[in-house]
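S.K.: Test case, fold it:
(chains A and B)
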Amino acid sequence: MDPFRRRTLELSPSRLVAAARSVLPFIAVLGVALGVHALLYRWQIDDGGVFFYSKILMDIGISIILAVSLTMVNGFTGQFSIGHAGFMAVGAYTGGVVTYYGAMKLFDPANFAAGYLSRSLPMDGPLFGAADGLFLAACLAAGLLAAGLGYLVGLPSLRLRGDYLAIVTLGFGEIVRVIIERSRNVLPDAEAAAKVPAAALPLHVGGASGFTGLQPFTSPFWVILLAGLTVVFAWRLKYSSLGRAMISIREDEIASQSMGVHVTRLKVMAFVVAAFFAGVAGCLYAHQTGIQLTPKDLAFQKSFDIVIMVVLGGMGSISGAVLAAAFVTALPEWLREPTSVWMYGLIALCVVAVFADRRLRAALWVVGLTAGAELLLTVARRAGIELSQYRMIIYALMLILVMIIRPQGLLGLNEVWEIGPFRRLRRTPVAPARGAAAPAGPGGSP
Amino acid sequence: MSLLTVEGVSISFGGLKAVQDFRLSLEPNSLCGLIGPNGAGKTTAFNLLTGVYRPDRGRITLGGRNLAGLRPHQITAAGVARTFQNIRLFPDLSVLDNVKIAGHLRSDAGLFGSIFRARRQRGEERAMTERAMELLAIFNLDGRAGEQARSLPYGDQRRLEIARALATEPRLLLLDEPAAGMNPQEKKGLRELIRGLIRRFDVAVLLIEHDMGVVMDLCQRITVLDHGVIIAEGPPAAIQKDPKVIAAYLGKPAEGEKGEG
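M.R.: Numbers count the residues shown, from 1 in each chain, chains lettered A, B, ... in the order given. Here you go, the predicted model:
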């Protein structure tokens, strides 16, 4: 056995400790999902208005899955994909077919009900229902089919770079949309579905007018669980040898392959994994309350929203993508009834004063932006303009500003805890070298 | 038996014969130089050896294994590592991560093991960090392990690139103009560093270099390329006197001037 392998075994933690630490974050995610779901459910029984916040939370969660998964492609391996909504659409329709026709074919309507965890609104129902299992299966199927397509789209990425790859992914997203638009009407009931061979059922997803009749199984529990799993997945990937190798491709592809990194394999792997999570997000999106699933909502515009989140957050930063996803998703809601921004400006000023590298410059930007936003709000109020209708213009303005102020995005490649004072709090990741005292060849820096 | 044998390797780009009938034989732990005027095809020869280009013709064997036609990462795994003429570090990553990435090819981490941080992966990660830090210590870079690679001074970046190449555990190290842009003191340090490497890491070194002081001082044998063709091969003393080499570097003396200088 070579020395490196032997040393690997020597340094491996004990089985029990390793197993516990391996599953700990997953259990934590499950716990948080259950806890938040229970709280929101309880509150909604007392006050139905809470559902508004519950809905925004679910929107944010789905955006987080999309943004974090795209970070693995655009941020880690540095390929520029702008067709992420295509995978989302594949997932949404796959999930829809599984729950809609699956419920008809596999279950007796009398026994088919959503359990406690699949209800976002307080309604009567059993603790566990057949729908819970079917919905989970739908999310899995959605992810797997999207991942399969991710493999197909990932293959051209081996030969194409930059803009050319972006065009391929864009084309993929549009192809998905057009194919779905050509599909046939949704079959209204089990009787109609029985007349069609099972293999032809996926053709009946409603075309351009949308997939009607999907049930609202998406709940805070599922969204937080799956968003949490996505974040844990991405985080562990980023800080593994595999993830480092992926990031090295983005840093310098030629150097990366010269250092023995299997560039083609990792590029395709990133595509497949990202597509899987986008498919899952699509399934969650399709089963949200108050959503009419139509192909045009999952077209280029949606892909672009996701890219904006990734770029705003910082290419390669998971916490950046999470923050940006929350911000970009909540922004239109806020624009509907904009409140004064002075408060947020003040908070931002405090953050900048503590964290920023060039404080005065950053502080001036914050003051300027706050004043600008306030002016914009005042003008809009006086003129009676509905700002939420100009959402896309505001996004574009934000992107331009980010490119001017921080071209690397909010956090760059870093995570929140890697900047400023947090870095000092963290234990240093650098282990002391064994035998580092051996005299070095001259030529070192003094 | 020689470590690396290159026989009759040629490549052309369109009509341009960039390298023709390139041959080379390297003993284990030897230090050889590849020199030639600008555009002679030195870096192309490196790119052929490391699989960036696929040779049109010829054989490249390392320790008896045929390398011609393999992809770059396979050649690196087989034991050939390189540095680049214009530094190609991973600029946004830390010095430590730069070296650890080069250790990835010895890792057997799959997606599953990485996501669940299997026991083996945890051990592997620690072993990688340890080895990378040892390597950085040898290059006096361990104090800067946490810094971004782009923030290092130029000379340190050059040395980090060599450290990173060595982290792939090569048997043959290709250095593409390691002394470029260095001041005389840094060059002196580099010379001793390269000599030290050969014993310490049990590698053979092939060097492209324009600085004749460095080449003549370090190399046991030198191959001279001009317009993609080998024009001379031998020990430094012979190369210095070779009229073809002098002509390639300084130009041929005009007919009338012959015998005067």
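
S.K.: Under the pLDDT cut-off, which ranges of chain A? List them.
M.R.: Within chain A, the ranges that satisfy pLDDT under 70 run A:1, A:357, A:419-446.

S.K.: residue boundaries of the helices in chain B?
M.R.: Secondary structure of chain B (DSSP state H): helices at B:42-49, B:72-78, B:95-102, B:111-115, B:119-138, B:154-166, B:184-201, B:212-218, B:236-241, B:243-250.

S.K.: out of the ones you listed, nearest to A:Thr99?
M.R.: helix B:111-115 (27.1 Å; CB to CB). Every C-beta, even on glycine, is put in place using the N, C-alpha and C of the backbone.

S.K.: In PDB, list the C-alpha atoms belonging to that closest one.
M.R.: The C-alpha coordinates for helix B:111-115 follow below in PDB (Å, rounded to 0.1, in the frame of the first residue of the first chain):
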ATOM      1  CA  LEU B 111     -19.900  12.000  -5.500                       C
ATOM      2  CA  PHE B 112     -21.500   9.900  -2.800                       C
ATOM      3  CA  GLY B 113     -18.400   9.800  -0.600                       C
ATOM      4  CA  SER B 114     -18.000  13.500  -1.000                       C
ATOM      5  CA  ILE B 115     -21.500  14.400  -0.100                       C
END
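
S.K.: for the helix or strand hosting A:Met403, packing partners?
M.R.: Counting by DSSP states H and E, the secondary-structure element that holds A:Met403 is helix A:391-405. For helix A:391-405, the contact count by 3 or more CB pairs under 8 Å, 6 or more residues apart in numbering or on different chains; DSSP states H and E identifies helix A:300-313, helix A:318-336 as packing neighbours.

S.K.: How about the one residue in the stretch 101-250 of chain A that gets nearest to chain B, nearest residue that isn't a chain neighbour?
M.R.: Across the stretch 101-250 of chain A, no residue is closer to chain B than A:Ser240, which sits at 3.8 Å (CB to the nearest CB). When the adjacent residues along the chain are set aside, A:Ser240 lies closest to B:Ser114, with 3.8 Å between them (CB to CB, 6 or more residues apart in numbering or on different chains).

S.K.: Buried ones in the helix or strand harbouring A:Leu24, by neighbour count?
M.R.: When secondary structure is defined using DSSP H and E, the element that contains A:Leu24 is helix A:15-46. Taking 16 or more other CB atoms under 10 Å in any protein chain shown as the neighbour-count basis, helix A:15-46 is seen to contain the buried residues A:18, A:22, A:25-26, A:29-30, A:33, A:36-37, A:40-41, A:43-44.

S.K.: Would you tell me what the next helix or strand after that helix is?
M.R.: Using DSSP H and E, the helix or strand that follows helix A:15-46 towards the C-terminus is helix A:50-70.

S.K.: Just want the angle from whatever helix or strand comes next after that next one to helix A:50-70.
M.R.: Using DSSP H and E, the next helix or strand after helix A:50-70 towards the C-terminus is helix A:84-106. Counting by axes from the mean of the first three to the mean of the last three CA atoms, to 10 degrees, helix A:84-106 lies at 120 degrees to helix A:50-70.

S.K.: Out of the helices and strands packed on helix A:391-405, which one sits most buried?
M.R.: Per-residue neighbour counts averaged over each of these give the maximum for helix A:300-313, namely a mean of 22 (mean count of other CB atoms under 10 Å in any protein chain shown).

S.K.: And it, how far out from the chain middle?
M.R.: 10 Å (CA atoms, centre = their mean, to the nearest Å).

S.K.: and the angle from it to helix A:50-70?
M.R.: An angle of 80 degrees separates the directions of helix A:300-313 and helix A:50-70 when computed by the same axes, to 10 degrees.

S.K.: tally of neighbours for A:Val176?
M.R.: For A:Val176, the tally of surrounding residues (other CB atoms under 10 Å in any protein chain shown) stands at 23.

S.K.: Relative to B:Arg120, how far out is it?
M.R.: Shown here: A:Val176 relative to B:Arg120, a distance of 39 Å by CB to CB, to the nearest Å.

S.K.: What pLDDT is listed against B:Glu260?
M.R.: Per-residue pLDDT puts B:Glu260 at 42.

S.K.: Which positions within the helix holding A:Met403 qualify as buried?
M.R.: Of the residues in helix A:391-405, those scored as buried under the neighbour-count criterion (16+ other CB under 10 Å) are A:Ile394, A:Tyr395, A:Met398, A:Val402.

S.K.: Can you give me the neighbour number for the spatially closest residue to B:Glu27 that is not a sequence neighbour?
M.R.: The shortest distance from B:Glu27 to any residue that is not its chain neighbour, by CB to CB, 6+ apart, is 5.5 Å, and that residue is B:Ser2. As a burial measure, the neighbour count of B:Ser2 was computed by other CB under 10 Å and equals 16.
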